[in-house]
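Undergrad: The sequence and its predicted three-dimensional model are supplied below.
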Amino acid sequence: MSGKPKLYYFNGRGRMESIRWLLAAAGVEFEECFLETKDDLTKLQKDGSLLFQQVPMVEMDGMKMVQTRAISNYIAAKYNLYGKDLKERALIDMYVEAVMDLNELLMTHPLQPADKKEQHFATLVDKATNRYFPAYEKVLKDHGQNFLVGNQFSRADVQLLETLLMAEEYKPDILAKFPLLQSFKARISNIPTIKKFLQPGSQRKPPLQEKDVPKVMKIFH
Amino acid sequence: MSGKPRLTYCNGRGRMESVRWLLAAAGVEFEENFLETEEQYKKLIKDGVLMFQQVPLVEIDGMKMVQTRAILSYIAGKYNLYGKDLKERALIDMYVEGITDLMKMILMFPFSPPEAKEKNLDSIKERATNRYFPVFEKVLKQHGQDFLVGNKFSWADVQLIEAILAVEDNIPAVLSGFPQLQAFKIRMSNMPTIKKFLQPGSPRKPPPDERYVETVLKIFKI
């Protein structure tokens, strides 16, 4: 056993990607075990490794952790990316939860049936540009600091960057009206651990391609 | 200003009910501001009070908190219902998140189209009895303690008792295969703060009905 966290998921972004980002941002090396077929998932379920029969699952510090938020919360706290007190944690949680709502929209877009895709895309762009991005633009404007919370790098910064980049994959000019988010994006991307994660050859996963959707559906459904 | 937390939401369970449960379990009195019309909701948005234009909103300790999980985590942390260290917190988070997945099905259920209601109810029953309840039955059996984590009352216990009662509202005999959970239910119901919350006249809201569904659809134009 290497002592490194071990991530169990399919070889793609999905719900595990935020965890990869967080570990990478914290400078923590990790291993991955990819589920390729439904049998791989069934085997994990049968040997009692998955508390609620679901992945993501991360083996870490003697625990088999499941539930994306539980895993992310643990990593953030362990590596000091969760603020310095309860109130900072509250702010981080608020920001992260909203980012996760937007993330969910982005993540589920490739899985939409063909006749719903256009509407879903419109919703996604509307929510990003009218609900979420203005809120973070304002946070950065109001305090003028480099990071979202407490003038210190935290998981909120990592998760917002992840989502900004994903949104841009869908619509490259989606940040056009948000100058502070643009400079935030540049700034956070240049943090050494994140810069490394953004380079080819890292464990960052590419966007889900249309052609791979059936394979993913087969594993989970 | 009274200093008590102030909850803004519709006059019904929805996503705020878990917050009411947790505050009540912690013995914290709170005030409520009920949304009844679309105009009220629009005014809140216009006043810039809702960071992402959504409720729940909880005004507490000088913060206007939104996002249910952020609110619950803050309350749990503040009132010592979040375990004694990182690993206990991890367990509590895992359990709460699993229960929340089940609660989401219950949250959405009243809004099911009539033709989907029976199927959705079956799904709730299936998930409760095959995925979630067995986990907690096993946890309680294995350590033989009164509470889910660390031999101490925590957010996980509050969330579980809320979920058990909510499922029972829809499926009365759902605990029939789960003796540990039956004992847990009685034990939690008898804790003084929870006992008080379960009595008539408390801030606990009744199960959602047609009128609640109409109000929500009207206010949020869903």
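TA: Structure's in. What do you need?

Undergrad: Make sure B:Val174 is indeed in a helix.
TA: No - under DSSP: H, G, I helix; E, B strand; the rest coil, B:Val174 sits outside any helix and is assigned coil.

Undergrad: OK, contacts around it?
TA: Counting by Cβ atoms under 8 Å, 6 or more residues apart in numbering or on different chains, B:Val174 touches B:125, B:128-129, B:133, B:164, B:167-168. Every C-beta, even on glycine, is put in place using the N, C-alpha and C of the backbone.

Undergrad: Could you tell me which helix of the chain is the longest one?
TA: Just going to use chain A. helix A:86-108 (DSSP state H).

Undergrad: meant chain B actually
TA: Under DSSP H, chain B gives helix B:86-108 as its longest helix.

Undergrad: how far off helix B:86-108 does the first helix or strand past that helix going along the chain point, in degrees?
TA: Counting by DSSP states H and E, the next helix or strand C-terminal to helix B:86-108 is helix B:117-127. Counting by axes from the mean of the first three to the mean of the last three Cα atoms, to 10 degrees, helix B:117-127 lies at 160 degrees to helix B:86-108.

Undergrad: distance between helix B:117-127 and the chain's centre?
TA: Relative to the centre of its chain, helix B:117-127 is centred 19 Å away, using Cα atoms, centre = their mean, to the nearest Å.

Undergrad: Can you give the contact residues for that helix?
TA: By Cβ under 8 Å, 6+ apart, helix B:117-127 touches B:101-102, B:105-106, B:108-109, B:112, B:167, B:170-171, B:174.

Undergrad: Just the buried ones among those residues, please.
TA: B:102, B:105-106, B:109, B:167, B:170-171, B:174 (16 or more other Cβ atoms under 10 Å in any protein chain shown).

Undergrad: Out of the residues you listed, the closest to A:Tyr132 would be?
TA: B:Met105 (25.8 Å; Cβ to Cβ).

Undergrad: what sits against the closest residue to A:Met16 other than its chain neighbours?
TA: Closest residue to A:Met16 apart from its sequence neighbours, by Cβ to Cβ, 6 or more residues apart in numbering or on different chains: A:Tyr9 at 3.9 Å. Applying Cβ under 8 Å, 6+ apart, we find A:Tyr9 in contact with A:15-16, A:32, A:34-35, A:55-57.

Undergrad: same deal with A:Tyr79?
TA: So A:Tyr79 contacts A:26, A:28 (Cβ under 8 Å, 6+ apart).

Undergrad: and the gap between it and A:Leu23?
TA: With the distance defined as Cβ to Cβ, to the nearest Å, A:Tyr79 ends up 8 Å from A:Leu23.

Undergrad: Ok, B:Pro192 next?
TA: 43 Å.

Undergrad: Can you pick out the residue with more neighbours from those two?
TA: Relative neighbour count places A:Leu23 above the other of B:Pro192 and A:Leu23, with 25 against 9, counting by other Cβ atoms under 10 Å in any protein chain shown.

Undergrad: neighbours around the closest residue to the more buried one other than its chain neighbours, how many?
TA: Spatially, and ignoring its direct neighbours in sequence, A:Leu23 is nearest to A:Phe30 (5.1 Å; Cβ to Cβ, 6+ apart). A:Phe30: 18 surrounding residues under other Cβ under 10 Å.

Undergrad: So for A:Phe30, what pLDDT did the model give?
TA: For A:Phe30, the pLDDT comes out at 98.

Undergrad: Same check on A:Gln199?
TA: 98.

Undergrad: Check A:Met1 too.
TA: Reported pLDDT for A:Met1: 50.

Undergrad: B:Asn11 and B:Lys117, how far apart?
TA: B:Asn11 is 23 Å from B:Lys117, by Cβ to Cβ.
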